[in-house]
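Participant: Quick check, what structure comes out for this input:
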Amino acid sequence: MISIVFCLVGWTLGWMIFGRPKSVTQLRSAAGSVKQPASRNGFDVIIPARNEAASIGLLLSDIASLPQSGNRVLIINDHSTDSTVEIASGFAGVEVIDAPDLPEGWTGKSWACHIGFEYLRTTTEDHDRGLVFFDADVRVDPDVVQLLVDHQSATGALVSVQPWHQTKRPYEKLSALFNVIALVGTAMSSPTKSTGAFGPVLVTTPAAYLRAGGHEAVKDQIVEDLALAANYRQSAQRVELFRGANQVRFRMYPNGLRQLCEGWAKNFATGAGSTNPVRLLAAVLWITSLGSATALLIEAAMSQHTVWIALVVYAAFAAQLAWMFRQVGNFGPMTALVFPILVAFFFCIFAWSIWKTYFRQSVTWRGRKISVGARSQKPC
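Facilitator: Here you go, the predicted structure:
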């Protein structure tokens, strides 16, 4: 009976902490009901890229019309050894510059973003334009970029989007629970208690970016998006979060299980340390209740007593996860049905992340070993 009650409490907590996060679809619907001005807000795009030959052409195809409409698109080549530069240079109007050697104390992405911003500052006369940072693996509906920029201009907030996760190979389904926890950890469905931001898509202005210290202020942060969002809030600037809803999307780890493990391990221990303690506790209880539902079903099957109750509890969690997974990617209902595998994998990666972050004090990403110093635990 205690296990059943614990599962019911955990299931309820799951709904409470996930909430109903806003999506970019709502921006499109709102824009459709309002007559748009003849002159839209101009903006510039910065895309840091390190060995992104498989993805950079897809993103640039999505936004190919931007340079022709007067918006600059800047690729910062972070010492790529593949054909990233050749592919990017083939798109009309796209500017490609090489990042200098990585200075000590900087992470690669923050350095590339900083270089891109400084280049724009010295080569433009209009400093009131919007500023958009994209990860190279993002895909986006072209009109959504303008919608995000216009929304940022209207609200003055740092606007950030967690892309909808596209998966193609079976191992990529292991990311499902991590995507849900990423949204839960930011409390993005709360208009007043949200924390953090999502690094793949950031929309701001040069003035707001400088007021928050830019990427230079978070140069040694492993999870730079959390730290950057914290600086925006500390400088009395709002942060507004959206989910991509298949209009802003990415395929995170297409290069195999090792890349997936390294990517999530890089982020999660530091991210947990930045999460509101009450929300973190609720998330832990929810994930633990997923394990309890599994144990309840196994025990019932072995004893052949109250099997139907255990099945109902298990089905309730599977249905809950299926709904959540639809909000964050194309994981499908079968992924939700085998959620015990996802829970076991989550705890393995989380334990590995804690080991690397707090004991080894270094993580590996894209061929670079990154030291994790005390400032990398900066809370949001």
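Participant: make it CA atoms for all contacts and neighbour counts henceforth
Facilitator: Fine.
Participant: what residues does stretch 329-345 touch?
Facilitator: The contact list for stretch 329-345 (C-alpha atoms under 8 Å, 6 or more residues apart in numbering) reads 164-167, 173-174, 176-177, 245-246, 287, 290-291, 294, 315, 318-319, 321-322, 325-326.
Participant: Show the end-to-end separation of it, please.
Facilitator: Start-to-end span of stretch 329-345 (C-alpha to C-alpha, to the nearest Å) is 18 Å.
Participant: taking the contacts of stretch 329-345 one by one, which sit in strands?
Facilitator: With strands taken from DSSP state E, the overlap with the contacts of stretch 329-345 comprises 164, 165.
Participant: which of the contacts of stretch 329-345 count as buried?
Facilitator: Among the contacts of stretch 329-345, those classed as buried by 16 or more other C-alpha atoms under 10 Å are 164-167, 173-174, 176-177, 245-246, 287, 290-291, 294, 318, 321-322, 325-326.
Participant: Run through the neighbouring helices and strands of the helix or strand hosting residue 241.
Facilitator: Following DSSP states H and E, one finds residue 241 within strand 239-243. Contacts defined by 3 or more C-alpha pairs under 8 Å, 6 or more residues apart in numbering; DSSP states H and E place strand 239-243 against strand 158-162, helix 224-234.
Participant: continuing past that strand, what's the next helix or strand?
Facilitator: Past strand 239-243, the next helix or strand by DSSP H and E is strand 248-250.
Participant: And the helices in the stretch 251-380 of the chain, which stretches?
Facilitator: Along the stretch 251-380 of the chain, counting by DSSP state H, counting those that start in this stretch, helices occupy 257-273, 277-303, 307-328, 332-337, 339-354.
Participant: now do the stretch 101-250 of the chain
Facilitator: 108-123, 142-155, 176-186, 206-211, 224-234.
Participant: hey, C-alpha coordinates of the second one in CSV?
Facilitator: Once non-C-alpha atoms are left out, helix 142-155 reads as follows in CSV (Å, rounded to 0.1, in the frame of the first residue of the first chain):
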residue,chain,number,x,y,z
PRO,A,142,12.1,30.6,-41.4
ASP,A,143,9.2,32.8,-40.2
VAL,A,144,9.7,31.7,-36.6
VAL,A,145,13.1,33.6,-36.4
GLN,A,146,11.3,36.9,-37.2
LEU,A,147,8.6,36.0,-34.7
LEU,A,148,11.1,35.4,-31.9
VAL,A,149,12.9,38.7,-32.7
ASP,A,150,9.7,40.7,-32.8
HIS,A,151,8.6,39.1,-29.5
GLN,A,152,11.9,40.0,-27.9
SER,A,153,11.6,43.5,-29.1
ALA,A,154,8.1,43.8,-27.7
THR,A,155,9.0,42.3,-24.3
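Participant: Let me know the pLDDT of residue 272.
Facilitator: pLDDT, residue 272: 56.
Participant: Give the buried residues for the helix or strand where residue 29 lies.
Facilitator: Applying DSSP H and E as the criterion places residue 29 in helix 24-32. By neighbour count on 16+ other C-alpha under 10 Å, the buried set for helix 24-32 is 24, 25, 27.
Participant: wait, isn't the last one in contact with residue 147?
Facilitator: Yes. Counting by C-alpha atoms under 8 Å, residue 147 is a contact partner of residue 27 at 6.8 Å.
Participant: Domain parsing of this protein, as residue ranges.
Facilitator: 2-17+275-373, 20-255 (automatic domain parsing).
Participant: I'd like the mean pLDDT over the first one, please.
Facilitator: Mean pLDDT, domain 2-17+275-373: 86.
Participant: Offset the numbering so it begins at 28, please.
Facilitator: Will do, 28 is the new start, and the previous item becomes domain 29-44+302-400.
Participant: Residue 215 and residue 225: what is the separation?
Facilitator: Counting by C-alpha to C-alpha, the gap from residue 215 to residue 225 is 11 Å.
Participant: Show me which of the two is the more surrounded one.
Facilitator: residue 215 (26 against 23; other C-alpha atoms under 10 Å).
Participant: which residues touch that one?
Facilitator: Residue 215 makes contacts with 48, 49, 221, 222, 267, 268, 269, as judged by C-alpha under 8 Å, 6+ apart.
Participant: for these, which one is nearest residue 94?
Facilitator: residue 269 (25.4 Å; C-alpha to C-alpha).
Participant: count of residues packed around that closest one?
Facilitator: Residue 269, neighbours per other C-alpha under 10 Å, totals 25.
Participant: in the sheet, who's paired with it?
Facilitator: On the basis of DSSP bridges, residue 269 is bridged to residue 188.
Participant: Was I right to think it contacts residue 51?
Facilitator: Yes. The pair residue 269 / residue 51 is scored as a contact, 6.1 Å apart, by C-alpha under 8 Å.
Participant: Spell out which residues are contacts of both of those two.
Facilitator: Common neighbours of residue 269 and residue 51 (C-alpha under 8 Å, 6+ apart) are residue 188.
Participant: And the helix or strand harbouring residue 114, how far out from the chain middle?
Facilitator: When elements are assigned from DSSP H and E, residue 114 belongs to helix 111-116. What separates the centre of helix 111-116 from the centre of its chain is 25 Å, taken as C-alpha atoms, centre = their mean, to the nearest Å.
Participant: This completes my enquiry, with thanks.
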